[in-house]
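[1] Could you work out the structure for the sequence below:
(chains A and B)
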Protein chains: 2
Amino acid sequence: MSFDRILAQKTALCDTVLDRFLPRPEELSDVDRHASQVVEAMRYSVMAGGKRLRPMILMETCEMYGGRMELAEPFMAALEMIHTYSLVHDDLPAMDNDEYRRGRKTTWCVYGEGMAVLTGDALLNYACETALTAFDDVNDRAESRNVISALQILMRGAGIYGMIGGQCADLEAEKDPGAADADDLLYIHKHKTACMLESAFQIGAVLADAPSEDIELLGKIGENIGIAFQIQDDILDVTGSSEELGKMTGSDEKDNKLTYVSMHGLSKARRDVKRISDEALEQFDHLSERNDFLRALIESLITRTK
Amino acid sequence: MSFDRILAQKTALCDTVLDRFLPRPEELSDVDRHASQVVEAMRYSVMAGGKRLRPMILMETCEMYGGRMELAEPFMAALEMIHTYSLVHDDLPAMDNDEYRRGRKTTWCVYGEGMAVLTGDALLNYACETALTAFDDVNDRAESRNVISALQILMRGAGIYGMIGGQCADLEAEKDPGAADADDLLYIHKHKTACMLESAFQIGAVLADAPSEDIELLGKIGENIGIAFQIQDDILDVTGSSEELGKMTGSDEKDNKLTYVSMHGLSKARRDVKRISDEALEQFDHLSERNDFLRALIESLITRTK
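    Here you go, the predicted model:
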């Protein structure tokens, strides 16, 4: 089977897992029906399509080390809920003020600003509730310890020492893009994007009780891929077509946003994506186990056009 | 010692615990300094004074059943961080649009709207990180199980089946206050306020391995106190002085907000606070252990003027 067909199957599998863990407005009790608007907005936000890269990586690293899917699935859903909440809040008028994402109206455009703030909060909170359900499937003390570690990695990668830290620096840099230097930009890319990919690579392995050297190496792989992924995003904003990306291209430039391309130029950006991705692949080949699909997935991220 | 002096001491103790768990901008590593703005805003938001009712109740129920403070403290901090994040997001222009709280400028007024969204997110995320540190102090499997239960109660009470559900219904009711009935208002008061107080009463007891009948009863006590507390808030908005409350009185009326007083009138509201609080005290006296300070604290909530 071709890589593209396997990828499509695995994306569909991630969608199924997400669909199963997300609450449904029509299944709420009579009392909880008062909250149906936020539950509907959570579904609208998460089930908007997307590459499902983070849950897929988590699933693949867990499988790579022979881990149990019952433990991985709540974390797959939690990771994507956290990723989605960050997009919902990012799109708000008070942040990036985006009206479209993946060719659809953003959450605040459909449900209003106040409800969009609440929807993001609900997704972050529900992500924790969902990840905690992994304890229900734990068989022994070792698995319980692994779930605790996975929870710690998940929340740290999403917080002030991870993704939120990156968003804070990004917001600060936007006030005065001229003042930001290459270090600031690297911090933003690493924290805003790479930290959650690091979490994806590590959580699957931790749940599968992988050797600690591998978990450390997977963190570095995730970091490199995250940075390369974000630089590629900046490149595509300049060179891609709106149709492929599902959003206006050149929108970063329009907003006077600090990007890798505006700082280093297009050709250095392209060289760096290649160099950093190659490093990630080399690190990947040093792991004690192999997963050909995951390797191909990493390679595909370099050459993607959307 | 008078109740007021003990209360002041215990409030100061809660402040110390909070201060210890909250990160400090000046102690961030060189890399993490990029996130110092959000860390500063987290501190500004949490260390704004306040009754510290939720962490105090948690501490007292834990002590009541002879539990260990090492396990309770991370949850005390987490609960107050979650309470604070909900206030930071509630005050946003897209929600209640409040410029003052407890006599100080609200977070969005000081740090801007985008940073206030991020600060709320950071507090919710850091609350989870903080609560998870309780696992570091666990001595045996029973304690580990209790920490897992406490985490589940914490996150459920804060989420769509708890506080966020209440906020969703509140936001919906504001669009059309005439359409909301007494049931809707009770749902809002119960979920927006009472669920987190239920969590406070139950988590302390769960961490102290209290009998399950007591934990159930503590949930009902928390629910009753939360509803009475919220009705009292509505009463004070009409009758209190701005000076005592640290915010404009009559602000709910001005905003055409649905309140217990506007729906049922002042005298029924007063009678109901008394009736529901008395029920809570009676339930409290049925617990297998006693805590005279906590009982006095519950009584004081009925007669409070701020």
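[2] okay, CA-based contacts and neighbour counts for the rest of this
    Fine.
[3] Who are the packing partners of the lengthiest helix in chain A?
    Assignment by DSSP state H gives helix A:212-239 as the longest helix of chain A. Counting contacts by 3 or more C-alpha pairs under 8 Å, 6 or more residues apart in numbering or on different chains; DSSP states H and E, helix A:212-239 is packed against helix A:182-189, helix A:195-207, helix A:260-264, helix A:266-285, helix A:292-303.
[4] neighbours of residue A:288, just the number please.
    12 (other C-alpha atoms under 10 Å in any protein chain shown).
[5] Which residues are in contact with it?
    residue A:214 (C-alpha atoms under 8 Å, 6 or more residues apart in numbering or on different chains).
[6] pretty sure it is in a helix, no?
    No - assigned with DSSP: H, G, I helix; E, B strand; the rest coil, residue A:288 falls outside any helix and is coil.
[7] what's the closest of the helices and strands packed on helix A:212-239 to residue A:161?
    helix A:195-207 (8.8 Å; C-alpha to C-alpha).
[8] What is the burial count for residue A:141?
    Residue A:141: 10 surrounding residues under other C-alpha under 10 Å.
[9] picking that back up, buried residues in the longest helix of chain A?
    Across helix A:212-239, burial judged by 16 or more other C-alpha atoms under 10 Å in any protein chain shown covers A:214-215, A:217-238.
[10] pLDDT of that helix, averaged?
    For helix A:212-239, mean pLDDT is 94.
[11] Also stretch A:15-22?
    Averaged across stretch A:15-22, pLDDT comes to 98.
[12] show me where the stretch 1-150 of chain A has helices.
    A:3-21, A:36-46, A:53-64, A:69-90, A:107-111, A:113-132, A:141-158 (DSSP state H, counting those that start in this stretch).
[13] Show me what from the stretch 101-250 of chain A comes close to chain B.
    Proximity of the stretch 101-250 of chain A to chain B (C-alpha under 8 Å from any C-alpha of the partner chain) is limited to residues A:113-115, A:117-118, A:121-122, A:124-126, A:128-129, A:132, A:135, A:148, A:151-152, A:155-156, A:158-161, A:164-169, A:171, A:184, A:187.
[14] now the helices of the stretch 1-150 of chain A in CSV, with distance to residue B:296?
    Output for the helices of the stretch 1-150 of chain A, formatted as CSV (distance: least, C-alpha to C-alpha, whole Å):
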stretch, distance to residue B:296
helix A:3-21, 43
helix A:36-46, 38
helix A:53-64, 50
helix A:69-90, 41
helix A:107-111, 44
helix A:113-132, 33
helix A:141-158, 38
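[15] can you tell which of those is closest to residue B:280?
    helix A:113-132 (28.7 Å).
[16] Run through the neighbouring helices and strands of that closest one.
    Applying 3+ C-alpha pairs under 8 Å, 6+ apart, we find helix A:113-132 packed against helix A:36-46, helix A:69-90, helix A:107-111, helix B:113-132, helix B:141-158, helix B:163-175.
[17] May I see the buried residues of it?
    A:113-132.
[18] same deal with stretch A:6-15?
    For stretch A:6-15, by 16+ other C-alpha under 10 Å, it's A:7, A:10, A:11, A:14, A:15.
[19] what's the closest of these to chain B?
    residue A:15 (21.5 Å; C-alpha to the nearest C-alpha).
[20] show me the contacts for that closest one.
    For residue A:15, the contact set (C-alpha under 8 Å, 6+ apart) comprises A:47, A:52.
[21] what about it, distance to residue B:36?
    When distance is defined by C-alpha to C-alpha, to the nearest Å, residue A:15 is 36 Å away from residue B:36.
[22] ok, now residue A:268?
    With C-alpha to C-alpha as the criterion, residue A:268 and residue B:36 are 30 Å apart.
[23] same thing with residue A:159?
    Residue A:159 is 13 Å from residue B:36, by C-alpha to C-alpha.
[24] Those two: who's more crowded?
    Shown here are residue A:159 and residue B:36; by other C-alpha under 10 Å, residue A:159 has more neighbours (25 against 21).
[25] Verify the contact between the more buried one and residue B:125 for me.
    Yes - between residue A:159 and residue B:125 there is a contact at 5.7 Å, judged by C-alpha atoms under 8 Å.
[26] What is the neighbour count of residue A:142?
    Neighbours of residue A:142 (other C-alpha under 10 Å): 12.
[27] ditto for residue A:73
    Residue A:73 has 25 nearby residues by other C-alpha under 10 Å.
[28] How about it, nearest residue that isn't a chain neighbour?
    residue A:17 (6.7 Å; C-alpha to C-alpha, 6 or more residues apart in numbering or on different chains).
[29] what does residue A:173 give?
    Residue A:173 sits nearest to residue A:180 (C-alpha to C-alpha, 6+ apart), 6.0 Å away.
[30] where does the stretch 151-300 of chain A dip in pLDDT?
    A:241-256 (pLDDT under 70).
[31] Apply 80 and report the result again.
    By pLDDT under 80, the low-scoring segments of the stretch 151-300 of chain A are A:177, A:240-257.
[32] and the residue of it nearest chain B?
    residue A:165 (4.7 Å).
[33] can you pull the contacts of that residue?
    Neighbours of residue A:165 in contact, by C-alpha under 8 Å, 6+ apart: A:159, A:188, A:191, A:192, B:32, B:34, B:35, B:38.
[34] same question, residue A:66
    Neighbours of residue A:66 in contact, by C-alpha under 8 Å, 6+ apart: residue A:208.
[35] measure it to residue B:88 for me?
    From residue A:66 over to residue B:88 (counting by C-alpha to C-alpha), the distance is 44 Å.
[36] ditto for residue A:29
    29 Å.
[37] does residue A:305 really touch residue A:237, like I thought?
    No - judged on C-alpha under 8 Å, residue A:305 makes no contact with residue A:237 at a distance of 10.1 Å.
[38] who touches residue A:35 in this structure?
    Here residue A:35 is in contact with B:160, B:161, B:164, B:165, B:166, B:168, B:169 (criterion: C-alpha under 8 Å, 6+ apart).
[39] Please read the previous query as pertaining to residue A:289.
    Neighbours of residue A:289 in contact, by C-alpha under 8 Å, 6+ apart: A:64, A:65.
[40] For it, grab phi and psi.
    phi -120, psi 170 (degrees, to the nearest 10).
[41] Residue A:48 too?
    phi -100, psi 20.
[42] Just give me the neighbour total for it.
    14.
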